[in-house]
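K.L.:
Quick one, structure for this:
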Amino acid sequence: MEKKMNGFPISHVIGFIASLVLTFAAAGIALKTAMSFKVIMWIIGSMAVLQAGLQLFMFMHMTEGEDGKTNIINIGYGVFCAVVIVVGSIWVLTSGHASH
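P.N.:
Residues are numbered from 1 along each chain as shown. Below you'll find the predicted structure:
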C-alpha cells in the first residue's frame, strides 16, 4: 500500500535548518574559540555524528517503510564495516614501522 504525501514538507525544512545550525556552530567553534585542539575536535566530531543522524531520520526516512528495524540494522552494519575498515587501516599503517 503506497502512501501519498501531500502538503508542505515541514520536516525537511526543520532538518535543513537544524543541519545549517550544526554546521555554523561547528565552524564557529573551530574558528572563534580558545579551547584546546583536542576539545575542539571532539566537539566537531560529536556535531558531525549528530548531523549524520539528523539527516538519516529527517531526509532518508529511516523509520518509514515496512519494517523500520531492518533499516536501523542495515545502518548499524554499515557503521560497523566503516569502523573496521578505518581502524584496521590505521592499525596496519602504524604497525608497519615495527618491521623495519
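
K.L.:
Below-threshold pLDDT in the chain: ranges please.
P.N.:
1-5, 63, 65, 68, 97-100 (pLDDT under 70).

K.L.:
Would you state the strands of it in chain order?
P.N.:
In order along the chain, the chain carries no strands (DSSP state E).

K.L.:
Domain ranges for this structure, per the record?
P.N.:
Residue ranges for the domains of the chain, per automatic domain parsing: 1-61, 67-100.

K.L.:
out of the ones you listed, deepest packed?
P.N.:
domain 1-61 (a mean of 12; mean count of other C-beta atoms under 10 Å). (Glycine included, C-beta is placed from N, CA and C.)

K.L.:
From residue 15, how far off is the closest residue to residue 11 other than its chain neighbours?
P.N.:
Closest residue in space to residue 11, ignoring its immediate chain neighbours: residue 58 at 5.8 Å, by C-beta to C-beta, 6 or more residues apart in numbering. Plainly put, residue 58 is 3 Å away from residue 15 if you go by C-beta to C-beta, to the nearest Å.
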